[in-house]
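Give me coordinates for this.
(chains A and B)
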Amino acid sequence: MKELNELIETCKNYAFDLNFTKAKEWKEAKKDRVLVGYMPIYFPREIIHAAGGMPVGIFGGGDNKQIIKGDAYYQSYICHIPRSIMEIALDKHMEHIDGFIFPSICDVIRNLSGVFKQQKIGKFVKYMDFPQNFLPEIGGVFYQQEMEHVLKYIKEINGKTPSTDELNHSISLYNRNRSLIEFIYKIRQEFPWRLSIEDVYNIVRAGTVIPVEEHNSILEEICEHIKENIGMPQDKIKVVVSGAFCEQPSLGLIRAIEEAGCYVVDDDYMLGSRMILGDIDASSNNPLEAIAHAYINQSQYSSSIYDVHNPKENRLAKIVKDRGADGVIFASASFCDPSLLDAPIFQNAFDKMGIRYIAFQYSENINQYKVIKEQVGTFSDSIKLWEDDTTVLA
Amino acid sequence: MTNPIYTMGIDVGGSYVKGVIMKYDDATGDHKIVDKQTEKIRKRDPKDVVVDAVEMLLERNQLDYKDIAYLASTGEGEMVIRKTGHFYSMTTHARGGKFFNPEAKTVVDMGGLYVRAIKVDEKGKVMDYKMTGQCASGSGQFIENISRYLGLAIEEVGPMSLKADNPEVPSGICAVLAETDVINLVSKGLSTPNIVKGINLSIAGRVVKLLGSLKAESPIALVGGMGMNTGMIQAVEELSREKKKVDLVFTSNPDAIYSGAVGAALWGGYRYYKLKEKEAAVVA
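Modelled structure (predicted):
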């Protein structure tokens, strides 16, 4: 078994490889392999895997990519992620990726799919709508059709239609992947000092750009390591970070939150990799229906889901309670409409529920964290020292 | 561990690492500084400087890490690897100011990189604050640079400033211009005390503005590295009388540079007992 540090370093290198080298190597190793890039938040990666492809998460360049050309495509009041994705594309880092999926999240991502089409980037570009109707016979059927549409695009490249067994096999691999990730979060809930949230982020993000089989092996080894009583506990508050599901905060920012006095026990940084809660049925005669069923009945709350019968504020409050968190940090990318429009809904509800929170905005390329550290540090101190406001100076 | 306990506070600033060991007596509230240590960072890795400071303190007091009930960091806390917990620097300087002057209603932290005025309640809770922007000419680092140009040790700046009879305030708002100004003042033959007092008055002007915008109340505890500069205290008093037409009462302490470390150690002691209480409640 490899050392934990070695595994984390490997994941970090994969996660921030803007050339997607691992995916390229995987594709070149065998004929007819297909790479399909997907943007945040969520995409059912199982179907790409079953069709002989590898899904490749495209989450922007963070603070590793200087934007020169990308800015020409977007106005100053648009978030940062489409600029860095454009920069990566125009610098030809994604030449080996065959097609691109743009899951519906906001107008910016929708327009980005248009720019990709216009620039003829990739063999296909699919803007993928997700159901907002949660009746299986309506939303479920619609979602299956969307997945079939994606499979059609892949078939046009490699001539392959996945069998039921292949789909079920892929579903079971991703079930395993999610359960291992959830194991890590469960350990962190109780022993957050065993693995920092920065490490968790690197580990989960790596899984979006390497084959799922390899990621599962890495996760299994990491889980073995963190079962042991490692690390040194510190006196920190526990928080849930919400709102950072699309444009990703830089590693420095993810680190800064924990350095300022918090343990992040849940987050939505890489929400897509954890979107489905629990397993998808891997023995169905209709695997696409099983995936759709899981999305409708077992998905996390998200800013891209509008389910009036299942208010997201209650779902976030449940996560806070289940994880034993002391409060919530709303971290929204600047100009991120879905996150910024949701924040007041959460905050109004949390005022009534008595859940403590703070909110700030970031951009994927910021590397000055002083103000954010001040805000988070004050939040942490206010909970540690003034929780019940009975503090008396002896 | 029995009462009293030992706690340690480590304040990692821009120029110095400050550390204290305190005896924290939860029963009587009679907390004492047992020992203190300042280390200039220079070009060393701050993590190594912290280890040096901590180990020096432990060794001198024949203590071990396990004897410290709570090792608290403040400032750049990530440089303190073996900490129990971290507190934000405003929280700790407010607490440190209250330790040095329990009557203080305002604490002014005058550190190496900025000045921050903090309103505190009777419990040491931060109620409001104002701080200077990131500008070198309002900072302790600026005083250090000037003292070096003038061939003074940093400890000499305060007493030298008290000897001034006709100070001249540098005209530049920017540190770079002010430093050029100081060179001109030297060329003009202005005496060192008058130059130093002029510098102190220039920084004091910013402090008084902060206090005005904060609607600060007396007594005001001056803490941080510049809080030990007697010339600065005099300059702040003079200017506040002149500009605000009020007699604000300023207090300082020879250990003012340790305010962050002291505050961290004290909050560490508080948290130690709070966590014990929580543990006991869970067991019960």
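
pLDDT at the residue in the stretch 201-350 of chain A that chain B sits nearest to, what is it?
Proximity to chain B, evaluated over the stretch 201-350 of chain A using C-beta to the nearest C-beta, is greatest for A:D235 at 3.2 Å. Backbone N, C-alpha and C define where each C-beta goes, glycine included. pLDDT, A:D235: 96.

Look up the closest residue to it, ignoring the ones flanking it.
The shortest distance from A:D235 to any non-neighbouring residue, by C-beta to C-beta, 6 or more residues apart in numbering or on different chains, is to B:G85 (3.2 Å).

try A:D281
With C-beta to C-beta, 6+ apart, the residue lying closest to A:D281 is A:A290, at 4.2 Å.

So which bits of stretch B:56-63 are buried?
For stretch B:56-63, burial by neighbour count (16 or more other C-beta atoms under 10 Å in any protein chain shown) applies to B:L57, B:L58, B:L63.

would you list those residues in TSV and tack on distance to chain A?
Formatted as TSV, the buried residues of stretch B:56-63 follow (distance: C-beta to the nearest C-beta, whole Å):
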residue	distance to chain A
B:L57	20
B:L58	17
B:L63	19
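
quick one, helices of the stretch 101-250 of chain A?
A:107-118, A:141-158, A:164-190, A:197-206, A:212-227 (DSSP state H, counting those that start in this stretch).

Which among those helices is found nearest to chain B?
Closest among the helices of the stretch 101-250 of chain A, using C-beta to the nearest C-beta: helix A:197-206, at 11.5 Å.

now for that closest one, which elements pack on it?
Packing partners of helix A:197-206 (3 or more C-beta pairs under 8 Å, 6 or more residues apart in numbering or on different chains; DSSP states H and E): helix A:4-15, helix A:164-190, helix A:212-227, helix A:251-259, strand A:262-267.

from those, which stretch is densest packed?
Looking across the helices and strands packed on helix A:197-206 with neighbours counted as mean count of other C-beta atoms under 10 Å in any protein chain shown, the highest average goes to strand A:262-267: a mean of 24.

so what strands line up beside that strand?
strand A:237-242 (parallel) (DSSP bridges).

Pull the residues that contact the strand it pairs with.
For strand A:237-242, contacts defined as C-beta atoms under 8 Å, 6 or more residues apart in numbering or on different chains pick out A:189, A:192, A:257, A:261-269, A:316, A:319-320, A:323-331, A:346, A:379-380, A:383-384.

Show me what residue of the stretch 1-150 of chain A gets nearest to chain B.
Among residues of the stretch 1-150 of chain A, the one nearest chain B by C-beta to the nearest C-beta turns out to be A:N5. It sits 15.2 Å away.

tell me the pLDDT at that residue?
96.

How about B:S161?
pLDDT, B:S161: 90.

Give me the nearest residue to it, chain neighbours excluded.
B:S161 sits nearest to B:G231 (C-beta to C-beta, 6+ apart), 2.4 Å away.

who in the stretch 101-250 of chain B is up against chain A?
B:P102, B:E122, B:K123, B:G124, B:K125, B:V126 (C-beta under 8 Å from any C-beta of the partner chain).

Would you mind listing where the chain has pLDDT under the threshold?
You didn't say which chain, so I picked chain A. Chain A contains residues with pLDDT under 70 at A:389-394.

other chain: chain B
Ranges of chain B meeting pLDDT under 70: B:1-2, B:133-138, B:171-176, B:244-246.

Spatially central, which residue of it would that be?
Of all residues in chain B, the one closest to the mean position by C-alpha atoms, centre = their mean is B:G224, 1.4 Å from it.

Where does the stretch 151-284 of chain B get nearest to chain A, residue-wise?
Counting by C-beta to the nearest C-beta, the stretch 151-284 of chain B gets nearest chain A through B:R271, at 5.7 Å.

what's the helix or strand for that residue?
Using DSSP states H and E, B:R271 sits within helix B:259-283.

before we move on, the earlier item: out of the helices and strands packed on helix A:197-206, which is closest to B:H93?
Between B:H93 and the helices and strands packed on helix A:197-206, the tightest spacing by C-beta to C-beta is seen for helix A:251-259, at 18.6 Å.

So which elements touch the closest one?
With contacts defined as 3+ C-beta pairs under 8 Å, 6+ apart, helix A:251-259 has these neighbours: helix A:197-206, strand A:262-267, strand A:327-333, helix A:370-386.

would you turn the helices and strands packed on helix A:197-206 into CSV with distance to B:F142?
Putting those into CSV (distance: least, C-beta to C-beta, whole Å) gives the following:
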stretch, distance to B:F142
helix A:4-15, 39
helix A:164-190, 44
helix A:212-227, 47
helix A:251-259, 27
strand A:262-267, 34
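
who touches the helix or strand encompassing the residue nearest to A:D281?
Following DSSP H and E, one finds A:A290 within helix A:287-298. If you take C-beta under 8 Å, 6+ apart as the criterion, helix A:287-298 is touched by A:44, A:46-47, A:50, A:130-131, A:134, A:136, A:139-141, A:143-144, A:147-148, A:164, A:167-168, A:171, A:275-278, A:280-282, A:284.

Of the contacts of strand A:237-242, select the buried ones using a PyMOL command.
The following PyMOL line selects those of these that are buried, judged by 16+ other C-beta under 10 Å:
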select buried, chain A and resi 189+192+257+261+262+263+264+265+266+267+268+269+316+319+320+323+325+326+327+328+329+330+331+346+379+380+383+384
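
could you pull out the strands for chain B?
B:5-12, B:16-24, B:32-40, B:68-75, B:85-86, B:106-110, B:115-120, B:126-131, B:220-223, B:250-251 (DSSP state E).

Isn't A:T10 up against A:I218?
Yes - contact criterion C-beta atoms under 8 Å: A:T10 and A:I218 qualify, at 7.1 Å.

on that earlier part again, ok, the residue of the stretch 151-284 of chain B closest to chain A - contacts?
Here B:R271 is in contact with A:D235, A:K384, A:L385, B:Y70, B:A72, B:T84, B:G85 (C-beta under 8 Å, 6+ apart).

How about B:E39?
By C-beta under 8 Å, 6+ apart, B:E39 lies in contact with B:Y16, B:V17, B:K18, B:G19, B:V49, B:D52, B:A53.

Just to check, the first one is in contact with B:G112?
Yes - the criterion here is C-beta under 8 Å, and B:Y16 meets it with B:G112 at 7.0 Å.

residue of the stretch 51-200 of chain A with the smallest distance to chain B?
For the stretch 51-200 of chain A, C-beta to the nearest C-beta, closest residue to chain B: A:S196, 11.0 Å.

show me the contacts for the residue nearest the centre of chain A.
In chain A, the residue lying closest to the centroid (C-alpha atoms, centre = their mean) is A:M270, at 1.7 Å. By C-beta under 8 Å, 6+ apart, the contact list for A:M270 reads A:F59, A:Y201, A:V204, A:R205, A:T208, A:Q248.

The first one - nearest residue in space that isn't next to it in sequence?
The reference is to A:F59. A:F59's closest residue in space is A:Q248 (C-beta to C-beta, 6+ apart), at 5.1 Å.

Surely the one you found touches A:I58?
No - look at A:Q248 against A:I58 with C-beta under 8 Å: they stay out of range, at 10.8 Å.

picking that back up, the residue nearest to A:D235: how many residues sit nearby?
If you count neighbours by other C-beta atoms under 10 Å in any protein chain shown, B:G85 ends up with 25.

Out of the contacts of B:E39, which end up buried?
B:Y16, B:V17, B:K18, B:G19, B:V49, B:A53.

Include distance to chain A when you put those residues into a markdown table, please.
Listed next are the buried ones among the contacts of B:E39 as a markdown table, based on distance: C-beta to the nearest C-beta, whole Å:
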| residue | distance to chain A |
| --- | --- |
| B:Y16 | 18 |
| B:V17 | 17 |
| B:K18 | 18 |
| B:G19 | 18 |
| B:V49 | 18 |
| B:A53 | 19 |
